[in-house]
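A.B. asks: Build me a structure from this.
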Amino acid sequence: MGGNQTSVTEFLLVGFPLSPRMQLLLFGLFSVFYAFTLLGNGVILGLISLDSKLHTPMYFFLSQLATVDIAYACNTVPQMLVNLLSPAQPISFAGCLTQTFLFLIFAHTECLLLVVMSYDRYVAVCLPLRYSTIMSWRVCITLAVASWTLGFLLALVHMVLLLLLPFCGPQNVNHFLCELLAVLKLACADTHLNEVVIVAVGMLVLVGPVSAIVVSYGHILCAVQKIQSAEGRWKAFSTCSSHLCVVGLFYGPPIIMYIGPQHGDPQEKKKYLLLFHSLFNPMLNPLIYSLRNREVSAALRRRLGKGRPS
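C.D. replies: Below is the predicted model:
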């Protein structure tokens, strides 16, 4: 097995080459963002579990998304903060591959959950009379479990192929986390099979979901246009606006990155892209759902109202 040839026992994450003062400033800023990520998604999870009015399929999937966002941030941000304080701090070989594995699980799962959420909105707007039958709790749990399971299995494929490769140096990972392609560049063997699998899985979890979401919202748009009253059209589409914002934030940067004009260092651009996904996306998602969703805002006011003395 190629893993028996591994001589590297630890990696050094290069991160962002910045001055010590700038690293300290970013440490404080990213720490605040990280705290808001945990707080915001924690509040969303708490509201959904405590408020019976939010015990619906839409908010069940939102709770799954919040769980992924918390796990996503916890897997990447702490190591990044450590590197900002101690740039030369190594990460063990096993720790690096574990971070890669978890990162892939959460990224794949979020892609699939966004598709499931778009399907939920499609049924709610286009088939409202059959919504409770189609989106039963059994179906919802099955879709959520399937998203997590498929995300795990796809990540496992990458990890098995990665473990078969020998690593004999260098040790410097040109990233702020153990990202798959950055780690793959350090292998001392042919990585063509790994790269083919990365492209295939990327098509499955990026192109496939985006296409499915576009189709879902195409049907939703057609259904909304058939509603006679302007108020009815707005009410129907407003239930989808939060999800559309989250989809735009999640898929927008990769589309700009890979389809837009390429200037400068592509590797540095990928670092900032993943920084957005690892830090800003999980922080912004609960803000979008709490600010743009009346039911979440109302649930938050009810919780706060109960906590006040009469």
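
A.B. asks: Relative to Cys126, how far out is Asn41?
C.D. replies: Here Asn41 is placed at a distance of 29 Å from Cys126 (C-beta to C-beta, to the nearest Å). The C-beta positions use only the backbone N, C-alpha and C, and glycine is treated the same way.

A.B. asks: The two - which one has more neighbours?
C.D. replies: Counted by other C-beta atoms under 10 Å, Asn41 and Cys126 do not tie: Asn41 has more neighbours, with 26 against 17.

A.B. asks: Look up which helix or strand the more buried one falls in, please.
C.D. replies: helix 20-50 (DSSP states H and E).

A.B. asks: name the helices or strands packed onto that helix?
C.D. replies: Helices and strands touching helix 20-50, by 3 or more C-beta pairs under 8 Å, 6 or more residues apart in numbering; DSSP states H and E, are helix 57-85, helix 281-292, helix 294-307.

A.B. asks: Looking at those helices, spot the one closest to Pro209.
C.D. replies: Closest approach to Pro209 among the helices and strands packed on helix 20-50 (C-beta to C-beta): helix 57-85, 13.5 Å.

A.B. asks: so after that closest one, what's the next helix or strand?
C.D. replies: By DSSP H and E, the next helix or strand past helix 57-85 is strand 90-92.

A.B. asks: in that next one, what's buried?
C.D. replies: Ile91 (16 or more other C-beta atoms under 10 Å).

A.B. asks: now swap in stretch 285-296 and tell me
C.D. replies: Neighbour-count burial for stretch 285-296 flags Asn285, Pro286, Ile288, Tyr289, Ser290, Arg292, Asn293, Glu295, Val296 (criterion: 16+ other C-beta under 10 Å).

A.B. asks: cool, and stretch 90-104?
C.D. replies: Applying 16+ other C-beta under 10 Å to stretch 90-104 flags Ile91, Phe93, Cys96, Leu97, Gln99, Thr100, Phe101, Leu102, Phe103, Leu104 as buried.

A.B. asks: quick one: Asn172 and Glu10 touch, right?
C.D. replies: No. Shown here, Asn172 and Glu10 do not form a contact pair, counting by C-beta atoms under 8 Å, at 11.0 Å.
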